[in-house]
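S.K.: Please work out how this folds:
(one chain, ligands or ions: 2)
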Amino acid sequence: MANDPIIRLRRIVKTYGTGATAFQALKGIDLDIARGDFVAVMGPSGSGKSTAMNILGCLDMPTSGEYLFHGHHVETLDRDQRALLRRRYLGFVFQGFNLLSRTTALENVELPLLYRGEDRHVRYDHGMAALDKVGLKPWWDHTPAELSGGQQQRVAIARAIVTNPDVLLADEPTGNLDTERSIEIMELLTDLNRSAGITVIMVTHEPEMAAFARTIVHFRDGVVERIETGGAH
Ligand SMILES: Nc1ncnc2c1ncn2[C@@H]1O[C@H](COP(=O)(O)OP(=O)(O)O)[C@@H](O)[C@H]1O
Ligand SMILES: [Mg+2]
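M.R.: Ligands and ions are numbered 1, 2, ... in the order given. Coordinates of the predicted model:
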């Protein structure tokens, strides 16, 4: 159904290690995320935010519990099926940008299309369109070293949206940026959320950045402590 949540977590537990060294990073997470929402995930360091993001992004598997994404029971899928889900529906942005240093902005942005096996013309058209959306079309042939931190993060966002994902996951996307650059990134995420309808889920430490979101999920010690809805927009 159209207004079913795009993401539904039920009793999600994640345990790292085994035996005496086992550590439960997530202790039973229940969370629904509506299609088209802009969610900020907050909480102290070590509270399980990145662990939850890796599970949401189908990069890691819960130890137990249910994860429904787009109606698929992710916890029942094998590695290849999860990779297909990722490529088809998800985009990722990380704190450290993770760009290839000796390649141009355009080549970085085209990479997910290369993995998909798209031909050169499709890669070029979609890559340039994504760079245009983040305001970096004139910089298409610059390498990361020739770009500022804020511009590098915008290239990373272009790379994340070049496949038209339904959901954009961003783990501390402004962690390495000053306030002015951080606000530019938040404005860009807000625009992608509103005009392209992308569901955005973003981890941040900063209340000023979380204020751009509509929903704020607070983590503490591996559980969802509380959820604030009806914020910013
Ligand atoms: N691969 C791992 N192996 C063992 N422990 C881990 C691993 N990843 C995270 N942890 C632990 O799980 C807890 C939650 O980590 P994390 O999800 O990265 O927290 P946050 O992103 O909120 O800072 C922390 O105590 C961390 O040390
Ligand atoms: Mg983290």
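
S.K.: and the gap between Val13 and ligand 1?
M.R.: Distance of Val13 to ligand 1, given as CB to the nearest ligand atom, to the nearest Å: 12 Å. For the C-beta atoms, the positions are set from N, CA and C on the backbone; glycine is no exception.

S.K.: Next: Arg86.
M.R.: In this structure, Arg86 and ligand 1 are 19 Å apart, going by CB to the nearest ligand atom.

S.K.: That residue contacts Leu56, correct?
M.R.: No: applying CB atoms under 8 Å, one finds Arg86 not in contact with Leu56, separated by 10.7 Å.

S.K.: which one of these two has more residues nearby?
M.R.: When Arg86 and Leu56 are compared for neighbours, Leu56 comes out ahead with 23 against 18, by other CB atoms under 10 Å.

S.K.: count of residues packed around the residue in the chain that ligand 2 sits nearest to?
M.R.: Per CB to the ion, Ser50 is where the chain lies closest to ligand 2, at 3.2 Å. Residues near Ser50, counting by other CB under 10 Å, number 18.

S.K.: Could you check the pLDDT of it?
M.R.: Ser50 carries a pLDDT value of 96.

S.K.: Chain neighbours aside, what residue packs nearest to it?
M.R.: Using CB to CB, 6 or more residues apart in numbering and skipping residues adjacent in sequence, the residue nearest Ser50 is Asp171, 5.7 Å away.

S.K.: Show me what the one you found is bridged to.
M.R.: Going by DSSP bridges, Asp171 is paired in beta bridges with Phe94, Val203.

S.K.: Now for it: which residues touch it?
M.R.: 49-50, 53, 93-95, 202-203 (CB atoms under 8 Å, 6 or more residues apart in numbering).

S.K.: at 6 Å what do you get?
M.R.: Listed by CB atoms under 6 Å, 6 or more residues apart in numbering, the contact set of Asp171 reads 50, 53, 94, 203.
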